[in-house]
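> Below is the structure, and that's it, no one-letter string:
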């Protein structure tokens, strides 16, 4: 029986059709599109820079910036994306020219007539309404071209709901809105299309996408792939391990799962097949690792930047919370591909200069130690310079960065030039490790600049990305001439021209990559606008509670399924906006009512993770389709295998909802941090072994059950411990002032509140209220947005500040704080790790007895590779 394979597909054309548009018109129009894309990138760099405010020219406010941003996205949508499959790709039809200009005018209407609109808020003229209606229609058509029909259908459903409120079922009925009111709300305010999502796209996301595009055009993508193969390709199943590592690295470059698959997969998938992986396994490994690139800090997917606004925390906090789940997910995938290699008795690829195992291990250890020492020297050294030199430190650090850049280029120029190898060549040898790693170390400086600005200088994400992008522009203009000079090749003028051409190409590619995200965030704004206009978000709590029967776990399963279903037709960013707008408040509210206080960031990461899973899930997972096309495998089978490999990612959101220590929250010190990281890593490896049915040898059913029990205990020891020891003691509100004043800086206090909400429903729920810096109880509550007055043994909430943390937690004026919860005195729940590890040792002992005697040593050694 022949296995069906993917049809012949040009994967590069697939990426173009999906991410940047599949149209290639004549030279004049292509040049126009290049100039427009270049203008968009330069505009975004201008508004992100300090120059407009320093010079006092071309200063745009947020609303004007969003309008111009959307105008670029809509115009390029019609110019770059054909209307239908059979539409011409070699020229732009006249109708598309007309739609592009009209769509750009409607999108920029808020910018062009900003002063006039400001004088008559809420009183749209006929021209305003016509422009809004036409703009809405053209936005939906642009969305259909770029993202497909599902996103348009979702947006239309919400628009129909806006107008058809009186005809809806009683639970979701509302009074309905006129065309004037709906269009004014959606198009002429910042509550709908031009809302927070489009604002984040214009201020944060564009610059990070541009940074990644420039990094890729500079050659970092090839460097990351070849370095991963040089480091891991010789191991058992080495190409698959290298695919995982290179995809984690290229996740910094590409925010697109499909682009990540194609970038690394065209090289890794043929080599995985060569060493023994089935075609669907090779494609699935690439899909699983590429999709996870969007959860990998420091540059996560576009949706992560939206969390900054939706959750109200700095991006550095989002990175911190996402770090451990991303790391253990990648470690588990490395272990999964290793187990597959063990089961098939695979070997690695040959090295050019094998060397001894001890010398390779020593070289690797020295490399890691060198990186750690260098990182420490940079961190504490620059910190010392800042404390000594004050404002002059920026010039000293800049000179040091320049010196490091030139030095690393000199160091890299002494190595052979990195060329793209042919993975289908009859004889394929791995590149040498040391020369490969040394040749592109200067690329890491751009990532260092980004992380330094975010974590040390604590700049905004937009400003951090601006400085990192500016450094990348400098790299692209100078790396080729300087390298040519160091190599003694001559031709400096040609190298300079080539660097300038690469820069122009990178700036244009970054803008083209943003078309989909721009229209996605705008179209998703229709859903957000409908929720704010109709108040349907309040109804969702009752609806989900009805469907789940008030069971929190069942409710989380429903949210996960909604994310997966929507994600089959929506890009990750739009899916996140829709589901987080509708579901995140529901999860927080129902969790609070059942006694589980869920931090908002945990809920948003939950939605984010399952939105990513939709890129894997058949039958519409585009990343699986792209990988299957490269692997010549059945797309459905590839998607199913990829979903099985991605189960490790799917369980994490359920776990960190109930154990927020996995998000590095609530840790008490360095030892607690280390214990959390080690236990989570071991748990994820054990889970991978359980799902693969293979540990040291093939597992029996009771051993798999034991491994799953070990996994659950290591991930969530509190589940068992809470049955024996209550985790919290309740303290009357009368003692709260003392508790709040004694709480450490930036702590959060667990409070129980009661009251009647705006719908007339009686509410009792728990909230986790952040307290900020040390101060009096009243001041710390005020910093969270709450004003209180004493009322007997309770505290009456007399006011809630708009947009504050308290408002986002669902606290309303008139509610009462009736009690607080403090951690109970009990043994640490981590003591349960001991019986879990004892059971793990028992399973290992049982499996060792079944190891083949002759191959026992080799298999045991292989399991540690």
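On my side now, so go ahead. Computed from a prediction, not measured in an experiment: that's the story for all the values here.
> The residue nearest to residue 699 when sequence neighbours are not counted and residue 563, how far apart?
Leaving out its chain neighbours, the residue that sits closest to residue 699 by CB to CB, 6 or more residues apart in numbering is residue 693, at 5.2 Å. Every residue, glycine included, has its C-beta placed from N, CA and C. Separation of residue 693 from residue 563 (CB to CB, to the nearest Å): 28 Å.
> now swap in residue 315 and tell me
Applying CB to CB to residue 315 and residue 563 gives a distance of 22 Å.
> Check residue 656 too.
Residue 656 sits 15 Å away from residue 563, going by CB to CB.
> is it true that residue 583 touches residue 557?
No - using CB atoms under 8 Å, residue 583 is not in contact with residue 557, being 12.0 Å away.
> More neighbours: which of the two?
Neighbour totals were compared for residue 583 and residue 557, and residue 583 leads with 25 against 13 (other CB atoms under 10 Å).
> who's in contact with that one?
The contact partners of residue 583, by CB atoms under 8 Å, 6 or more residues apart in numbering, come to 540, 544, 559, 562, 603, 607.
> can you rerun that using 10 Å?
537, 540-541, 544, 555-556, 558-560, 562-563, 603-604, 606-607 (CB atoms under 10 Å, 6 or more residues apart in numbering).
> with these in mind, which one is nearest to residue 809?
residue 603 (11.7 Å; CB to CB).
> gap between the closest one and residue 244?
Counting by CB to CB - residue 603 and residue 244 are separated by 28 Å.
> repeat for residue 766
40 Å.
> Looking at these two, which one has more neighbours?
In this view residue 766 and residue 244 are compared by other CB under 10 Å, and residue 244 has more residues nearby, 28 against 22.
> In terms of helices and strands, where is the closest residue to the more buried one other than its chain neighbours?
Spatial nearest neighbour of residue 244, chain neighbours left out: residue 289 (4.4 Å); criterion: CB to CB, 6+ apart. Element membership for residue 289 (DSSP states H and E) is helix 279-291.
> I'd like the mean pLDDT over that helix, please.
Across helix 279-291, pLDDT averages out at 84.
> Measure how far that helix is from the centre of its chain, please.
Mean-position distance between helix 279-291 and its chain equals 19 Å (CA atoms, centre = their mean, to the nearest Å).
> following it, which helix or strand shows up next?
helix 302-311.
> which strands and helices sit next to that following helix?
helix 196-200, helix 206-217, helix 315-343, helix 461-487, helix 492-534, helix 572-593, helix 600-613, helix 805-808 (3 or more CB pairs under 10 Å, 6 or more residues apart in numbering; DSSP states H and E).
> quick one: low-confidence parts of the stretch 351-500 of the chain?
Low-confidence segments of the stretch 351-500 of the chain (pLDDT under 70): 351-383, 420-429.
> before we move on, the earlier item: may I ask which two of the contacts of residue 583 are separated the most?
Spatial extent of these (CB to CB) is set by the pair 537 and 560 at 19.2 Å.
> More neighbours: those two, which one.
Using other CB under 10 Å as the criterion, residue 537 and residue 560 rank with residue 560 on top: 20 against 17.
> Contacts only, for the nearest residue to the more buried one once chain neighbours are set aside.
Leaving out its chain neighbours, the residue that sits closest to residue 560 by CB to CB, 6+ apart is residue 610, at 4.8 Å. Going by CB under 10 Å, 6+ apart, residue 610 touches 556, 559-564, 566-567, 572, 575-576, 579, 617, 649-650, 653.
> and those residues, which are buried?
556, 559-560, 562-564, 566-567, 572, 575-576, 579, 617, 649-650, 653 (16 or more other CB atoms under 10 Å).
> burial measure for the residue nearest to residue 775 when sequence neighbours are not counted, as a count.
Nearest residue to residue 775, sequence neighbours excluded (CB to CB, 6+ apart): residue 783, at 7.4 Å. For residue 783, the count of nearby residues is 18 (other CB under 10 Å).
> cool, and the one 10 residues further on?
Other residues within reach of residue 793, judged by other CB under 10 Å, total 12.
> circling back to that earlier point, was I right about the residue nearest to residue 775 contacting residue 748?
No - contact criterion CB atoms under 10 Å: residue 783 and residue 748 do not qualify, at 11.9 Å.
> Could you name every residue contacting both of the two?
Contact criterion CB under 10 Å, 6+ apart; residues shared by residue 783 and residue 748: 769, 770, 771, 772, 805.
> was I right about the first one contacting residue 786?
Yes - Residue 769 lies in contact with residue 786 (CB under 10 Å); the separation is 7.2 Å.
> Neighbour count for these two, which is higher?
Legend: neighbour count by other CB under 10 Å for residue 769 and residue 786, higher for residue 786 (28 against 25).
> Spatially nearest residue to that one (excluding sequence neighbours)?
residue 806 (4.7 Å).
> where's the one you found relative to residue 577, distance?
Distance, residue 806 to residue 577, using CB to CB: 24 Å.
> who has more neighbours, the two?
Higher neighbour count among residue 806 and residue 577: residue 577, with 28 against 25, using other CB under 10 Å.
> In this structure that one contacts residue 524, no?
Yes - look at residue 577 against residue 524 with CB under 10 Å: they come within range, at 3.8 Å.
> the strands in the stretch 651-800 of the chain, which residues?
728-732, 748-756, 762-770, 786-791, 794-800 (DSSP state E, counting those that start in this stretch).
> Could you name the stretch from those that's closest to residue 459?
Proximity to residue 459 (CB to CB) singles out strand 762-770 among the strands of the stretch 651-800 of the chain, at 22.1 Å.
> Check which helices and strands that closest one sits against.
helix 572-593, strand 748-756, helix 777-783, helix 805-808, strand 816-823.
> Could you check the angle the first one makes with helix 600-613?
Okay, so that is helix 572-593. Angle, helix 572-593 to helix 600-613, by axes from the mean of the first three to the mean of the last three CA atoms, to 10 degrees: 140 degrees.
> Helix 572-593: which residues count as buried?
Of all the residues in helix 572-593, those buried under the rule 16+ other CB under 10 Å are 572-593.
> cool, stretch 693-702 as well?
Buried residues in stretch 693-702, counted by 16+ other CB under 10 Å: 694, 695, 696, 697, 699.
> and the end-to-end length of that stretch?
The straight-line separation of the ends of stretch 693-702 (CA to CA, to the nearest Å) is 11 Å.
> now that stretch: mean pLDDT?
Taken as a whole, stretch 693-702 has a mean pLDDT of 89.
> So what's the gap between that stretch and the chain middle?
34 Å.
> Need the residues that contact that stretch.
336, 339-340, 342-343, 685-686, 688-690, 692, 703-707, 840, 843-852, 856, 859-860, 862-863.
> quick one: average pLDDT of the strand or helix carrying residue 630?
Assigned by DSSP H and E, residue 630 falls within helix 622-631. Averaging pLDDT along helix 622-631 gives 77.
> how far out from the middle of the chain is that helix?
21 Å.
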